[in-house]
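1. Based on what follows, work out the 3D shape:
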Amino acid sequence: MMTVFLYILNILFSAGQSTLGKLSAAKNGNAGVFNINKALSGLLMFLLFGLKAGLNFNFPTLIYGILYGAFLCISMYTGFKALKTGPIMLTGITVSFSLIIPFIFGIFVWKEKITAFGIAGIIALLISVFLINFVKSKAERVSSEWAFYAFLTLLSNGVCSVIQKYHQLRFPGRYKNEFMIYALLLTAIINISVFALKSEKSKLTFSAEGTASGIMNGLANYMILLLAATEKASVLFPVTSGGNLIAVCLIGSIFFKEHPGKLRFAGICLGIAAIVLLNI
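-> Below is the predicted model:
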């Protein structure tokens, strides 16, 4: 029963942070203010997790954390802009395709064997991308600006996953909190520096959405850590990935009145299936 509860919490927190980003963007919120609040609240969460578990300095983890933080910073900015310029439903499914990058690395760099599930996932992904983009109605079309930001978010998220995998291959199960603390500290520093340089007339204010999004992100990751101790990876990641996307699609439909056409809806469903298959 507790395991099911943790799964539900992870899905709710993961979908919740995307929803808060969309809400802030819909109110014409400032990306810098949102991301600074998100990074700082996330940093606080991992500091608390780290103090509870015990923190240890490890120089390679610092380097990995800095690299991860740099790409995380890009992902946070472009992700916010994608939510601002396009629908949450399509943004969620497109960004989730970032798992194809570590998947490719796994095959060609880490020499992992591709399974029948992986092949099926690739085929489903390609068909999904075609269906999502094959629209005739002007009302369903997305802007090139959204496509640009969504692609950059996909790319930076994929690189983040590769860096995270490299770190865990070198230090299995270790320095996870330290890794995220270094990453989020760098992200906060970069966002604050850029904001100070670009926003001479704007003041750094408290963002309830950004703070809550950072806390939800930290809690979602903490749920993953708890589940990873007892659940098989072949179950954990497909369930959380698929569940998160279904939740985002429901939120987009119910709260943001996003209603994709039949072909695009089929593409979204196939995309969810592809993500589950690629995670198995």
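2. how close does residue 211 get to residue 116?
-> Noted for residue 211: a distance of 44 Å to residue 116, by C-beta to C-beta, to the nearest Å. C-beta here means a position set from N, CA and C on the backbone, and glycine is covered the same way.
3. meant to ask about residue 77, not that
-> Taken as C-beta to C-beta, the span from residue 77 to residue 116 is 38 Å.
4. what do you get for residue 251?
-> According to C-beta to C-beta, residue 251 stands 33 Å off from residue 116.
5. which of those two has more neighbours?
-> Between residue 251 and residue 116, counted using other C-beta atoms under 10 Å, the more crowded position is residue 251 (19 against 9).
6. Could you give me the buried positions within the helix or strand containing residue 35?
-> Here residue 35 is covered by helix 31-53, with elements defined by DSSP states H and E. By 16 or more other C-beta atoms under 10 Å, the buried positions in helix 31-53 come out as 31-47, 49-50.
7. swap in stretch 171-189?
-> Using 16+ other C-beta under 10 Å as the test for burial, stretch 171-189 gives 171, 175-188.
8. Next: stretch 266-280.
-> Applying 16+ other C-beta under 10 Å to stretch 266-280 flags 267-279 as buried.
9. mean confidence for it?
-> Average pLDDT, stretch 266-280: 84.
10. go on, stretch 93-100?
-> The pLDDT scores in stretch 93-100 average 86.
11. Can you list phi and psi of residue 55 for me?
-> Backbone torsions of residue 55, given as degrees, to the nearest 10, read phi -110, psi 140.
12. cool, the one 3 residues further on as well?
-> Recorded main-chain torsions at residue 58 are phi -140, psi 120, according to degrees, to the nearest 10.
13. For the residue lying closest to it once chain neighbours are set aside, list the residues it contacts.
-> Closest residue to residue 58 apart from its sequence neighbours, by C-beta to C-beta, 6 or more residues apart in numbering: residue 175 at 5.2 Å. Residue 175 sits next to 56, 58, 61, 167 when contact means C-beta atoms under 8 Å, 6 or more residues apart in numbering.
14. What is the nearest of the residues you listed to residue 141?
-> When the contacts of residue 175 are compared for distance to residue 141 (C-beta to C-beta), residue 167 wins out at 39.6 Å.
15. Quick check: closest non-adjacent residue to that closest one.
-> Closest to residue 167 by C-beta to C-beta, 6+ apart is residue 64, at 4.2 Å.
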